[in-house]
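K.L.:
sequence? don't have it. structure:
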Ligand code: ARG
């Protein structure tokens, strides 16, 4: 699949043994941040005393939206609900594979009002909706890599939800424990760069992660399963560098994650910088604002 010619893309200079990255078509669900603000604190990034600029959040969000469209992806929209300022972070609205949408059960009371609107949206758009039993926050804590679901716990999603996800989707689920409160959702600590488990061989680099966000056991699991992963440093992690969306070739990434951007280029990916600084005030970034709809 080709990328849009008008997009500004820096030329990658991959190692000779790095494979040519192939862009795959994506379908995403997003929510315009019309009601975005920080009125409560449910993660260390949120400071209700600090003013937010909703117009700026809207402009930045629009840039992310338009970037996806220019790359040829389909973007669906869910209507924002007044009084639900975090609804812009649609990654927390569900987890969708094979046309089946598992709804979410938020740990935090402040976001529970989002559960029904997301499930209603999935049902109205032809998805087979599964009502969740255990506490989990959707694609914020569940990432599909090949046929495997990487599942986060430690802050938001319950360990018991990992079993539920395995049953609902019939996939292998690998539990990973987050230990740093700044990286409270799995999608702040791991980026899935290429969800297709390739034929193996030279340099897959299909995920990137921040080792310091995990406990020792989880670090060992990741090192064993993904020996070619890109290891991202603390500075890039702390600007939500890992909170990216990738189509297998183009990686939408924070411009502040300079080291990670260089690593992506070296491994044959095409980084495209989009700044969501205003949405970071709510503790979210690019991936948080993006839910993948897998048909
Ligand atoms: N304020 C939101 C919360 O704390 C941010 C969610 C970020 N989403 C994500 N997928 N990491 O729940």
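P.N.:
Sure thing, it's come through. Remember, predicted model here, so these are calculated numbers, not experimental data.
K.L.:
which bits of the stretch 101-250 of the chain sit near the ligand?
P.N.:
111, 140, 185, 187, 188 (C-beta under 6 Å from any ligand atom). Heads up, the C-betas are built off the backbone N, CA and C, glycines and all.
K.L.:
next one: phi and psi at residue 177?
P.N.:
With angles defined as degrees, to the nearest 10, residue 177 sits at phi -110, psi 120.
K.L.:
neighbours around it, how many?
P.N.:
With neighbours defined by other C-beta atoms under 10 Å, the count for residue 177 comes to 18.
K.L.:
same deal with residue 216?
P.N.:
The tally of other residues near residue 216 (other C-beta under 10 Å) stands at 10.
K.L.:
From the ligand, how far off is it?
P.N.:
23 Å (C-beta to the nearest ligand atom, to the nearest Å).
K.L.:
Next up, the contacts around that residue.
P.N.:
Contacts for residue 216 were tallied using C-beta atoms under 8 Å, 6 or more residues apart in numbering; there are none.
K.L.:
Model confidence for it, exactly?
P.N.:
We have a pLDDT of 98 for residue 216.
K.L.:
Next one: it from residue 242, what distance?
P.N.:
Going from residue 216 to residue 242 by C-beta to C-beta, to the nearest Å gives 19 Å.
K.L.:
Save the residues of the stretch 101-250 of the chain next to the ligand as TSV, and put in secondary structure too.
P.N.:
Compiled in TSV, those are given as follows (DSSP: H, G, I helix; E, B strand; the rest coil):
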residue	secondary structure
111	helix
140	helix
185	coil
187	helix
188	helix
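K.L.:
can I get those residues in TSV with neighbour count and pLDDT?
P.N.:
Below are those laid out as TSV (neighbours: other C-beta atoms under 10 Å; pLDDT from 0 to 100):
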residue	neighbour count	pLDDT
111	22	98
140	29	98
185	28	98
187	31	98
188	30	98
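K.L.:
ok, of the residues you listed, which one's closest to residue 153?
P.N.:
residue 185 (10.5 Å; C-beta to C-beta).
K.L.:
For the stretch 51-200 of the chain, which segments are assigned as strands?
P.N.:
When assigned using DSSP state E, counting those that start in this stretch, the strands of the stretch 51-200 of the chain occupy the ranges 74-77, 95-97, 100-102, 128-130, 142-145, 148-153, 172-177, 190-192.
K.L.:
To residue 222, which of those lies closest?
P.N.:
When the strands of the stretch 51-200 of the chain are ranked by distance to residue 222, counting by C-beta to C-beta, first place goes to strand 172-177 at 7.1 Å.
K.L.:
What strands line up against the closest one, and which way round?
P.N.:
Here the strand partners of strand 172-177, with direction, are listed using DSSP bridges: strand 148-153 (parallel).
K.L.:
Quote the end-to-end distance of stretch 283-292.
P.N.:
Terminal residues of stretch 283-292 lie 19 Å apart, using C-alpha to C-alpha, to the nearest Å.
K.L.:
near the ligand, anything from it?
P.N.:
Yes - contact between stretch 283-292 and the ligand is present through 283, 284, 288 (criterion: C-beta under 6 Å from any ligand atom).
K.L.:
Endpoints of stretch 267-278, how far apart?
P.N.:
Looking at stretch 267-278, the gap from its leading to its trailing residue is 29 Å under the measure C-alpha to C-alpha.
K.L.:
do the same with stretch 122-132
P.N.:
According to C-alpha to C-alpha, stretch 122-132 extends 14 Å from its N-terminal end residue to its C-terminal end residue.
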